[in-house]
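Chemist: Sequence and predicted structure below; questions after.
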Amino acid sequence: MTTARPQPAIYRNLPVDFQYFPAFFSTSEQSALLSAALRKLDATESRRFRRRRKELEQRSALSLYSERPSSVQSLFLPDEYYDFQEGHFDGVIRRYREMHVSPWPPDIEGLSPALDRLRDVYPSTDVQAHLLHLASDGEILPHVDNVGASGSWILGVSLGAPRILKLENTTDPEEAYTLALPSGSVYIQQDTTRYHFKHSILLNGLFDGKQYDGGQRMSIMIRVGYIL
Ligand SMILES: O=C(O)CCC(=O)C(=O)O
Ligand SMILES: [Fe+2]
């Protein structure tokens, strides 16, 4: 039996070559992905932060990477338990942790079926995965991803606090789109959107009558290798 390829939701108010899957991952898949991402990032940090988290875990009899958390958002510890970078004065990302991820942890229940399902929507193969954890007050300023560093599409999985994504045409600033990205959603910027629109992840904003005010968010960014 073959399963149908997931189909993106159709929205009129989105640029061309942008695909959006508003509810791609179930809550348990989101928990598996977020636990894996936090575990990878946490392992790269200094002893000081690792010890701080360990003490919290012991004090509260809490499991830092629980596969059955009370909510996806509850997998994040308060901001002070993570070593967020401020970002350079000319950089586009403020208050974040990031890393290239390879391989994924082998022992998280439900992780590999979730990653397999994601692979079904990749426009092509030969990808690299990157984790980007924004602090509660973290943000991403408008930019086009380095065209020399990756190819014609970029996929983003959003986990945790919903944030607003803004897309702005680089030559016509009047052409701009906003979209709220809930936890478990997936978007793909390809061709026109990838090369001719700047994207940003806002700290605050109003979308569809609802106010969004920061919050920790993890994105899993999948990029295709640069094809000469
Ligand atoms: O987190 C996102 O959805 C976007 C991240 C981003 O723009 C980047 O890593 O270049
Ligand atoms: Fe980007």
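Modeler: Arrived safely. Ligands and ions are numbered 1, 2, ... in the order given.

Chemist: how about the residues of this structure near ligand 1?
Modeler: L132, I140, D145, G156, H199, I201, S219, M221 (Cβ under 6 Å from any ligand atom). The way it works is simple: take the backbone N, C-alpha and C, and place the C-beta from them, glycine included.

Chemist: residue in the protein nearest to ligand 1?
Modeler: Residue of the chain nearest ligand 1, by Cβ to the nearest ligand atom: S219 (3.3 Å).

Chemist: Need the contact partners of the helix or strand hosting that residue.
Modeler: Using DSSP states H and E, S219 falls within strand 217-224. By Cβ atoms under 8 Å, 6 or more residues apart in numbering, the list of residues contacting strand 217-224 from outside reads 33-34, 37-38, 101, 118, 122-124, 126-134, 138, 145, 149-163, 201.

Chemist: could you flag which of those are buried?
Modeler: Taking 16 or more other Cβ atoms under 10 Å as the criterion, what is buried in the contacts of strand 217-224 is 33-34, 37-38, 101, 118, 127, 129-134, 138, 145, 150-163, 201.

Chemist: List the ones among those residues that fall in strands.
Modeler: 101, 127, 129-134, 138, 153-160, 163, 201 (DSSP state E).

Chemist: Tell me the buried residues in the lowest-mean-pLDDT helix or strand in the chain?
Modeler: Lowest by mean pLDDT, DSSP states H and E among the helices and strands of the chain is helix 47-60, with a mean of 92. Going by neighbour count (16+ other Cβ under 10 Å), the buried part of helix 47-60 is F49, R52, R53.

Chemist: ok, of those residues, which one's closest to F21?
Modeler: Comparing these against F21 with Cβ to Cβ places R53 closest, at 32.3 Å.

Chemist: about what we covered before: and the least confident helix or strand of the chain, what does it pack onto?
Modeler: On a contact count with 3 or more Cβ pairs under 8 Å, 6 or more residues apart in numbering; DSSP states H and E, helix 47-60 meets helix 27-43.

Chemist: who touches the helix it packs on?
Modeler: 25, 49-50, 53, 64-69, 72, 75-76, 82, 97-99, 101, 104-105, 108-111, 113-115, 117, 131, 133, 157, 159-160, 183-184, 218, 220.

Chemist: now that helix against strand 217-224, angle please.
Modeler: 90 degrees (axes from the mean of the first three to the mean of the last three Cα atoms, to 10 degrees).
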